[in-house]
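Enquirer: Mind folding the following:
(one chain, ligands or ions: 1)
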Amino acid sequence: MVLDCHIHINSRVDPPEVFARRRAEAGVAGGILFSAYPASFDNRKARPGEAKERLDQLLRCVEGQENLYPFFFIDPMEEDALEQVDRAVEAGVAGFKAICCHHYPQDDRAMEVWTHIARRGKPLLLHSGILYNDGPSADYNRPANFEHLFYIDGLRFALAHISWPWVDELIAVYGKWNYWKLEAPSTRVTAEMFVDVTPGTPPIYREEALTRLLTVGYPSLPGHILFGTDGNACYDSAHIAEIIRRDREIYRKLGISGAVQEDIFSGNLKKFLGL
Ligand SMILES: [Zn+2]
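Expert: Numbering: from 1, shown residues only. Below you'll find the model as predicted:
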């Protein structure tokens with residue numbers, strides 16, 4: 001089974017039955033659908049009611065769809081972000097998505113919102129790596145910034161795009177999490193870290209990045225890798241199928257077992273979602 005942990009709602013959205021058919025054509029059983037982008041991504045201030053509109057649109061898109069998990073895309077710097085978390089949880093979202101395009105992930109305000117998400121028992125999927133917004137944002141998205149999240153009680157968080165081009169830095173951060181969470185008797189690291197391997201990596205970097213990730217040797221790592229595509233709700237089946245084919249080919253070369261591949265393509269996502 002393949003679940004795609006990284007699907008966006010952009011400006012155009014296919015009707016649910018078309019979206020479902022296109023996922024099936026790509027060989028994808030479902031995954032995570034993010035709501036539309038918050039205003040800050042377009043260098044705007046949010047209109048009143050905009051967050052609720054984005055939430056309502058998201059819920060309409062997943063209604064009656066199997067294995068499609070709605071994540072509300074939150075900007076923690078919006079004034080009512082804490083209420084947005086509560087409203088989204090009460091409406092039934094499975095988790096939250098965020099892109100730090102105008103603040104550090106360890107900003108006090110953002111940390112307060114991440115903590116609230118953890119308290120509500122929901123996972124958080126964060127952009128990491130170079131970000132193609134219209135503005136400078138690389139500093140905010142270096143993987144090392146996210147080690148502050150290790151200490152948020154019970155938070156399940158994932159860093160997207162293998163943090164490309166900072167794959168080595170991401171692996172180092174993961175190694176630190178793995179050590180303190182699983183090898184040392186720490187009482188402070190309580191969060192759980194996942195790595196979303198959604199491209200970001202141009203094809204010529206893909207094999208190298210996945211090889212490093214899968215051969216570095218941290219015992220918990222294969223169990224914390226999530227497959228994703230950065231597709232959108234006008235799902236490009238042929239392109240998505242090609243991403244899956246390329247990744248499977250790399251895993252075959254690396255001798256990754258069928259069971260581990262199954263975890264990467266779907267099992268780990270269920271763990272991330274808390275299912
Ligand atoms: Zn994305």
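
Enquirer: Tell me the buried residues in stretch 121-128?
Expert: 122-128 (16 or more other C-beta atoms under 10 Å). Just so you know, the C-beta spots here come from the backbone N, C-alpha and C atoms, and that holds for glycine as well.

Enquirer: possible to save the residues you listed as JSON lines with distance to Glu207, pLDDT and secondary structure?
Expert: As requested, the buried residues of stretch 121-128 are exported to JSON lines (distance: C-beta to C-beta, whole Å; pLDDT from 0 to 100; DSSP: H, G, I helix; E, B strand; the rest coil):
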{"residue": "Lys122", "distance to Glu207": "34", "pLDDT": "98", "secondary structure": "coil"}
{"residue": "Pro123", "distance to Glu207": "28", "pLDDT": "98", "secondary structure": "coil"}
{"residue": "Leu124", "distance to Glu207": "29", "pLDDT": "98", "secondary structure": "strand"}
{"residue": "Leu125", "distance to Glu207": "24", "pLDDT": "98", "secondary structure": "strand"}
{"residue": "Leu126", "distance to Glu207": "25", "pLDDT": "98", "secondary structure": "strand"}
{"residue": "His127", "distance to Glu207": "23", "pLDDT": "98", "secondary structure": "coil"}
{"residue": "Ser128", "distance to Glu207": "20", "pLDDT": "98", "secondary structure": "coil"}
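
Enquirer: Of those, which is the nearest to Ile204?
Expert: Proximity of those to Ile204 (C-beta to C-beta) peaks at Ser128, which lies at 20.4 Å.

Enquirer: What count of nearby residues applies to Pro76?
Expert: By other C-beta atoms under 10 Å, 24 other residues sit near Pro76.

Enquirer: residues touching the closest residue to it other than its chain neighbours, list them.
Expert: Spatially, and ignoring its direct neighbours in sequence, Pro76 is nearest to Val113 (3.6 Å; C-beta to C-beta, 6 or more residues apart in numbering). Taking C-beta atoms under 8 Å, 6 or more residues apart in numbering, we find Val113 in contact with 74, 76, 81-82, 85.

Enquirer: Counting neighbours, which of those residues comes out on top?
Expert: Within the contacts of Val113, most neighbours by other C-beta under 10 Å means Ile74, with 27 neighbours.

Enquirer: one step back: what about the contacts of Val113, which are in helices?
Expert: Secondary structure assignment by DSSP state H places 81-82, 85 of these in helices.

Enquirer: With respect to Leu59, which of these is nearest?
Expert: Closest to Leu59, out of all of these and judged by C-beta to C-beta, is Val85, at 15.3 Å.

Enquirer: Can you show me the helices along the stretch 1-150 of the chain?
Expert: With DSSP state H, counting those that start in this stretch, the ranges of helices along the stretch 1-150 of the chain come out as 16-26, 50-62, 81-91, 108-119.

Enquirer: Quick one: closest of those to Pro202.
Expert: Minimum separation from Pro202 across the helices of the stretch 1-150 of the chain (C-beta to C-beta) falls at helix 16-26, 20.5 Å.

Enquirer: Report the buried residues of the closest one.
Expert: Of all the residues in helix 16-26, those buried under the rule 16+ other C-beta under 10 Å are 16, 19-20, 22-23, 26.

Enquirer: picking up where we left off before, for Pro38, which of the helices of the stretch 1-150 of the chain is the nearest?
Expert: Nearest to Pro38 among those is helix 50-62; the distance by C-beta to C-beta comes to 7.4 Å.
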